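Trainee: What follows is a protein structure lacking sequence information:
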């Protein structure tokens, strides 16, 4: 299972934009052909979910800044030099995409329904790109943060001094 998660993590880090584009186009396609409907009805739920993701990642970011000089973080920098940069970039992108999802959701709820289904589908594609990026990215950031905890349990053994 751990190997699968590591593989998925690598794929997400390298191809997150393509994965988000794929899911957003799939969502727009399903919306255009009315397989899924009711995007406007779920906007308030999406705003709530996005706010939670923004808040949790803001807490993660604050904790990481606070713990930056701790011995545990120094050990992580030694074991995985690019880890800190990957984590900060992941958290920053999640917060940005969460804010964009909230903003677009508010705009969607304020605007009248589009006269053509194709225009709505284009809007759904743009909106769902940021939604999918934020959603899948939040799984990635939780994995990175839990890696900090797991890696800190692997404390190197020391010889007993006499």
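Mentor: Looks like it arrived, so ask away. None of these values were measured; they are calculated from a predicted model.

Trainee: out of all of them, which helix in the chain is the longest?
Mentor: helix 117-153 (DSSP state H).

Trainee: for it, packing partners?
Mentor: Packed against helix 117-153, as judged by 3 or more C-beta pairs under 8 Å, 6 or more residues apart in numbering; DSSP states H and E, are the following elements: helix 2-32, helix 39-66, helix 71-79, helix 83-110. Any C-beta I mention is one placed from the backbone N, CA and C, and that applies to glycine too.

Trainee: Which positions in it come out as buried?
Mentor: Within helix 117-153, the residues that count as buried by 16 or more other C-beta atoms under 10 Å are 120-121, 123-125, 127-138, 140-141, 143-145, 147-148.

Trainee: Please state the offset of the lowest-mean-pLDDT helix or strand in the chain from the chain centre?
Mentor: Ranked by mean pLDDT, DSSP states H and E, the weakest helix or strand in the chain is helix 71-79, scoring a mean of 73. Offset of helix 71-79 from its chain centre (C-alpha atoms, centre = their mean, to the nearest Å): 24 Å.

Trainee: buried sites along it?
Mentor: 73, 76.

Trainee: what's the closest non-adjacent residue to the residue nearest to the spatial centre of the chain?
Mentor: Note on the chain: the residue nearest the mean C-alpha position is residue 137, at 2.2 Å, using C-alpha atoms, centre = their mean. Among residues not flanking residue 137 along the chain, residue 94 sits closest, at 4.9 Å (C-beta to C-beta, 6 or more residues apart in numbering).

Trainee: That neighbour touches residue 135, doesn't it?
Mentor: No - judged on C-beta atoms under 8 Å, residue 94 makes no contact with residue 135 at a distance of 9.5 Å.

Trainee: joint contacts of these two?
Mentor: Applying C-beta atoms under 8 Å, 6 or more residues apart in numbering, one finds that residue 94 and residue 135 are jointly contacted by residue 53.

Trainee: Mind pulling up the pLDDT for residue 140?
Mentor: Residue 140 carries a pLDDT value of 83.

Trainee: do you know how far it is from residue 105?
Mentor: To residue 105, residue 140 is 22 Å away according to C-beta to C-beta, to the nearest Å.
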